[in-house]
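Pasting the sequence and the predicted model now:
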Amino acid sequence: MSSLCKDLMFLIMQFCDEENLKKTAHMLEQESGYFFNMKYFEELVLDGNWDKAEKYLSSFTVVEDNKYSTKIYFEIRKQKYLEALDKHEFSIALDILKKDLKVFAQSNEELYKEMAQLLALDDLRENDSLALYGDALTARKGLLGDLRSVIEANPLLQGKTRFPQIKKSRLRRLINQSLNWQHVLCTRPHSQPHIDTLFTDHKCPGSDNMQAQLCSLPPSPVAVEWPLERDSSTDSPVTIRNHEALSDQALAEEGRLFVGVKATEHINEEEVSQTVISTCCQASRNEPPIEFPSTVERVLDIGSFMTSIDFHPVHEALLLVGKLSGDVEIWDVAAYDKLFRREFVVKSLMEKMDKNHSISVNRVLWSLDGSLFGVAYSKNELHLYDKNGNCFEKKLEIDAHIGSVNDLAFSKADKILVVVSCGDDKLIKVWGAATGAKLYTFEGHEDPVYSLCPGLKRNIHFLSSISISGEIKVWLFDNEGSRVTYCAPDSCRTRMAYGNKRVFLCGTEENGESYVVEWNENEGNIVRNYQLLSKRSSAVVQFNTCLNRFLAAGDEHVIKIWDMDCDELLAVIDADGGLQARPYICFSKKGNLLAVSAVDSRIKILANDSGRRFLQEAAFDFGDSAKCLTEPFSNLSVGSPPFPCQGGAGGTSSNNVEATNVSKIVEVTRCQSMLLTSEVKTNLIRRLVYTHTGNGILALAEDGTHLLWRWAKSGEATMKCAPRLWQPRSGLLMTNDLPDKSRDVVTPCLSLSKNDSYLISSSGRMISLYNLLGFKNMRSVMPSPPAATCLLFYPPDNNIIAIGMDDSTILIYNIRVDERISKLEGHSKRISGLAFSTNLNVLVSCGVDTQIVLWDSITWEKKKSTVLQISVGWLASDLSETNVELDKDQQHFLAVHETQLAIYETATLRRVKQWTIANFCTHISHATYSCDSRVVYAAMRDGILLILGAGDLAPRLEIDPSSYLPPHLSCYVDPVVVAAHPHKPEQFALGLSNGGVVVIEPEESQGQWTIKNHLES
């Protein structure tokens, strides 16, 4: 079907759904194949309507289409088979085995035989792998969790599970507007036009020549407003009183589309052009969204024409600038100061004598972590600079291409940082960022390659490239050639950008006509075409995405803004005038700042409220710009805002945070840290706890290895002496078994007994009980699947443990006698957090489903439940977790999610406080109470540490990575998990992404964090 038919089909589906014509809507979904209704499919699965579920699914994919489709059908038929066995309907089960499951026997004969053997059992739970099989409804809920992830990964269903955002009753409104339009054209409009007049070309009585004139009008893509001209016999304006027509209120909401029409004139191009200009003027009167950086805060005079700009990914104050003259500069936009400048040096004598020889910068770009930057030049060369002591120095000079190097990008290939370049020689080359060695050369474009855009899907790094003719190719980092080839909307110079997990293209043809579109990268077609770019210009239009919500383009001496979900122009910003015809634009990573090129070699810095605050404080922190000659570059570049996240109101009180209440730590001298050493090499630390006595730290790495440090001499964890990595004389290591399949998502978990003698731990396979004195594995129980994802000792009895499972259940288990006491069911996804309150005799649990459940720890019955209020648009990933931790009195608990922190009453599950991140802020890695429950220590994914007051969940202190990590690690290593000392409120430890552990305290002269005066009871 054509794009128009597709849009009409969505409108009809919406209408059917709103009119409760559910069967018709589902029939259209199946016959058109445009929309896979996940909600309807889930209802069929939960109700056990297996035949209807398969029939609905078969309209979109069949068993043999691909491995994902095979998996979906197999899981549905397997569950259907197990339910028949559980009901002892053996004849039905045999029929399912022979007819439905037989198709899978060829690919996995052993599994098919094992399923056939279940017919011989009186109870299917006698099979070891089905020992924990519960009731049918619970099994169906678990099945849905698996099906969702497989459906989302299925290429045949990608893009079909999301219904377009369409305003309510859109089809009815369009019909009403058409009715208005048709009768407005009449010289003697009917006083009560009826809806059936739309069934044919309408002609009101007394207007014999009107229909001919209407048919002669050329179609117009825009709603045009003409002056009103009526017949002398008509005294009153058109009125529509019929209930089917658009109501007055609806007209007020929608706006009058047409005031009147000249009946004797046709539409010409000049009128349409004037209408477009009128629409732009209207948009220019619209106020830009408050979160969009629209106020001019700085104007930098850079001295010569710029060709490329890029904000530092971590330190927003740093702006990298490439120039037409070949110079590269770094500016501190907060202090109006140029920190770094390098000229392009012409080495060849022949080049120096060549009067036509000129080198300009085509592209400048920071690396992913901002530790180095690249420069692509107009002739042959690619340069890489990295930080060396007090400044950046040239690290690599690569003769990359024959002719111009048109673009560059940074990405990861086999976990190695690489820089990618493209050029006029029609080639794409991949270089090792550390050595400059050429790793890959991608060939296949028939024209010079104009732009590059790296991407990441399901942990796979890939690269998109676009030639000057608009040919788009997608590459993996190997030698297998391009995986996908399709054409951009026009054969022209085009750039690509990602925003909100969507793809956008912007291109400019040689005649100056430009476009901005949302692009379906799976099907290679246009999803949405954004309106009102100018049609004639000699320059290439520049565009960018902001806050995962807005598109912006520099055009006609202004900045035009669109909402990603609407093709109509949202607003226009002129930045106080003086912008170039098609200015360069660049947003900071957090979206608080916007740099835009102006005439007379100037750059204007626009900001929103958060950006304005940041610039004021950053300028104060930097002080005299002359320090750049004497101080380390890292000290100058620390300019993060005092609270990079925006507090949200929660519970019964406001959590608004004022900048004056925030104290910053940006120097190593303001806090002290100790990096714990280890001869045992591990990878990312996933779990971290102090021993209950406070004299040791236990870490569990992602590879299943445990590391235990003890302060044997001092008897407590202190910064005055380093702990020793504890290992028994036998040399044993405590290492958990890992799943056989490397692609399985592993959720490590551990818990220490009250006397610090025993440890229970799991890394996706068996649950192991260790003796911490000799590192001996005392017992291993409960093989996966399902895997244990959360473990906790029951405080009154160390023989009893609570086990959160991957299948969303919680087991209460006596590990000494290897016996299950109870099975708790109430979550829909894997369990990620458990906490016992002995004072209230309850267990608090939470899961990836963001649900929090309260259980009676005597009877193990469910008491209450609630759900975290998550912002719209958030999607769970494999590593998304919700954690809970009780305060010292056990009357409240802290809930930690990657988007928020919240405090709840334990007995009632009433939310007391909440602090949420802004949509432009980095997510939370982990957080925990201090031992006295007066503050919360939170680690952000960009390495920033926040210390919040527990009384109001307001950020009080910020610690930059350069304060607690050595310089060679601060740009590459991030905190993953936080643990608080059980007796020292001021001390906490971090588990790091490189397998290290660091202990942090306030500087010795202070002895405590300087937030005591701000805390409220």
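Done, it's in. Numbers count the residues shown, from 1 in each chain.

Quick one: distance of stretch 540-556 to the chain centre.
Chain-centre distance of stretch 540-556: 19 Å, with Cα atoms, centre = their mean, to the nearest Å.

buried sites along that stretch?
Buried residues in stretch 540-556, counting neighbours by 16 or more other Cβ atoms under 10 Å, are found at 540-547, 549-556. The way it works is simple: take the backbone N, C-alpha and C, and place the C-beta from them, glycine included.

can you check stretch 514-531 too?
Within stretch 514-531, the residues scored as buried using 16+ other Cβ under 10 Å are 514, 515, 516, 517, 518, 519, 520, 521, 527, 528, 530, 531.

How about residue 852: which residues does it bridge to?
For residue 852, the beta-bridge partners are residue 846, residue 866 (DSSP bridges).

Please list all residues in contact with the closest residue to residue 488 other than its chain neighbours.
Nearest non-adjacent residue to residue 488, counting by Cβ to Cβ, 6 or more residues apart in numbering: residue 470, 3.7 Å away. Applying Cβ atoms under 8 Å, 6 or more residues apart in numbering to residue 470 gives the contacts 487, 488, 489, 490, 491, 492, 494, 507.

Show me how to select, in PyMOL, the buried members of these.
Listed next is the PyMOL selection for buried residues among the contacts of residue 470, using 16+ other Cβ under 10 Å:
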select buried, resi 488+489+490+491+492+494+507
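
thinking again about what came up before, show me the two of the buried residues of stretch 514-531 that sit farthest apart.
521 and 531 (22.0 Å; Cβ to Cβ).

next one: phi and psi at residue 82?
Torsion angles at residue 82 (phi, psi; degrees, to the nearest 10) stand at phi -70, psi -40.

ok, it - how many residues close by?
For residue 82, the neighbour count with other Cβ atoms under 10 Å is 20.

pretty sure it is touching residue 142, no?
No: using Cβ atoms under 8 Å, residue 82 makes no contact with residue 142, being 11.5 Å away.

What distance do you get for residue 545 to residue 297?
Residue 545 is 21 Å from residue 297, where distance means Cβ to Cβ, to the nearest Å.

Please read the previous query as pertaining to residue 473.
Distance, residue 473 to residue 297, using Cβ to Cβ: 40 Å.

again, but for residue 700
Relative to residue 297, residue 700 is positioned 46 Å away (Cβ to Cβ).

For residue 827, give me its contacts.
808, 809, 810, 845, 847, 849, 851, 853.

want to throw those residues into JSON lines with pLDDT, distance to residue 758 and neighbour count?
JSON lines is the format used below for the contacts of residue 827 (pLDDT from 0 to 100; distance: Cβ to Cβ, whole Å; neighbours: other Cβ atoms under 10 Å):
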{"residue": "808", "pLDDT": "92", "distance to residue 758": "27", "neighbour count": "24"}
{"residue": "809", "pLDDT": "95", "distance to residue 758": "24", "neighbour count": "20"}
{"residue": "810", "pLDDT": "96", "distance to residue 758": "21", "neighbour count": "25"}
{"residue": "845", "pLDDT": "96", "distance to residue 758": "22", "neighbour count": "26"}
{"residue": "847", "pLDDT": "91", "distance to residue 758": "26", "neighbour count": "24"}
{"residue": "849", "pLDDT": "86", "distance to residue 758": "31", "neighbour count": "19"}
{"residue": "851", "pLDDT": "92", "distance to residue 758": "30", "neighbour count": "18"}
{"residue": "853", "pLDDT": "95", "distance to residue 758": "27", "neighbour count": "22"}
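
which strands and helices sit next to the helix or strand containing residue 925?
Assigned by DSSP states H and E, residue 925 belongs to strand 924-929. Contacts defined by 3 or more Cβ pairs under 8 Å, 6 or more residues apart in numbering; DSSP states H and E place strand 924-929 against strand 882-886, strand 892-897, strand 900-905, strand 935-940, strand 975-980.

Just the mean pLDDT for the fourth one, thanks.
In this model, strand 935-940 has a mean pLDDT of 92.

so what strands line up beside that strand?
Going by DSSP bridges, the partners of strand 935-940 are strand 924-929 (antiparallel), strand 945-949 (antiparallel).

average pLDDT across the last one?
To tie it back to what came earlier, the one meant is strand 945-949. Per-residue scores along strand 945-949 average to 89.

before we move on, what about the longest one?
Within the predicted structure, the mean pLDDT of strand 924-929 is 94.

follow-up on the earlier one: okay, residue 700 and residue 297: which has more neighbours?
It is residue 700, of residue 700 and residue 297, that has more neighbours when counted by other Cβ under 10 Å, with 26 against 19.

Is it correct that the more buried one falls within a strand?
Yes: under DSSP: H, G, I helix; E, B strand; the rest coil, residue 700 sits within a strand.

From residue 112, how far out is it?
38 Å.

repeat for residue 155
For residue 155, the distance to residue 112 - Cβ to Cβ - is 27 Å.

now do residue 297
Going from residue 297 to residue 112 by Cβ to Cβ gives 68 Å.

just residue 24 next, same as before
Going from residue 24 to residue 112 by Cβ to Cβ gives 39 Å.

likewise residue 527?
Counting by Cβ to Cβ, the separation of residue 527 from residue 112 is 42 Å.

Report how many residues lie close to residue 37.
What residue 37 shows, counting by other Cβ under 10 Å, is a neighbour count of 20.

for the residue lying closest to residue 393 once chain neighbours are set aside, what are its contacts?
Once flanking residues are discounted, residue 393 sits nearest to residue 385: 6.5 Å by Cβ to Cβ, 6+ apart. Contacts here follow Cβ under 8 Å, 6+ apart; on that basis residue 385 touches 328, 342, 372, 373, 374, 375, 392, 393, 394, 395.

so residue 385 sits in a strand?
Yes: under three-state DSSP, residue 385 sits within a strand.

Distance check, it against residue 408.
Going from residue 385 to residue 408 by Cβ to Cβ gives 13 Å.

Need the overlap of contacts for these two.
Jointly contacting residue 385 and residue 408 under the rule Cβ under 8 Å, 6+ apart are 374, 375.

Relative to the host helix or strand of residue 835, what are the paired strands and their orientations?
In this assignment (DSSP H and E), residue 835 forms part of strand 831-837. Within its sheet, and counting by DSSP bridges, strand 831-837 is paired with strand 842-847 (antiparallel).

Compute the inter-axis angle for the partner strand and strand 900-905.
If you take axes from the mean of the first three to the mean of the last three Cα atoms, to 10 degrees, strand 842-847 sits at 160 degrees to strand 900-905.

Pull the residues that contact strand 842-847.
802, 804, 808, 810, 824, 826-837, 852-857, 863, 882-884, 886, 893, 895, 906-907.

Also compute the angle for it relative to strand 882-886, please.
160 degrees.

ok, residue 754 - how many residues close by?
11.

Would you map the helices across the stretch 251-400 of the chain?
For the stretch 251-400 of the chain, the helices defined by DSSP state H, counting those that start in this stretch occupy 269-285, 349-353.

so what's residue 90 scoring on pLDDT?
In this model, residue 90 is scored at 91, pLDDT.

again, but for residue 642
For residue 642, pLDDT reads 31.

any idea how far the nearest residue to residue 897 once chain neighbours are set aside is from residue 930?
Of all residues not flanking residue 897 in the chain, residue 882 sits nearest, at 5.0 Å (Cβ to Cβ, 6+ apart). With distances taken as Cβ to Cβ, residue 882 is found 21 Å from residue 930.
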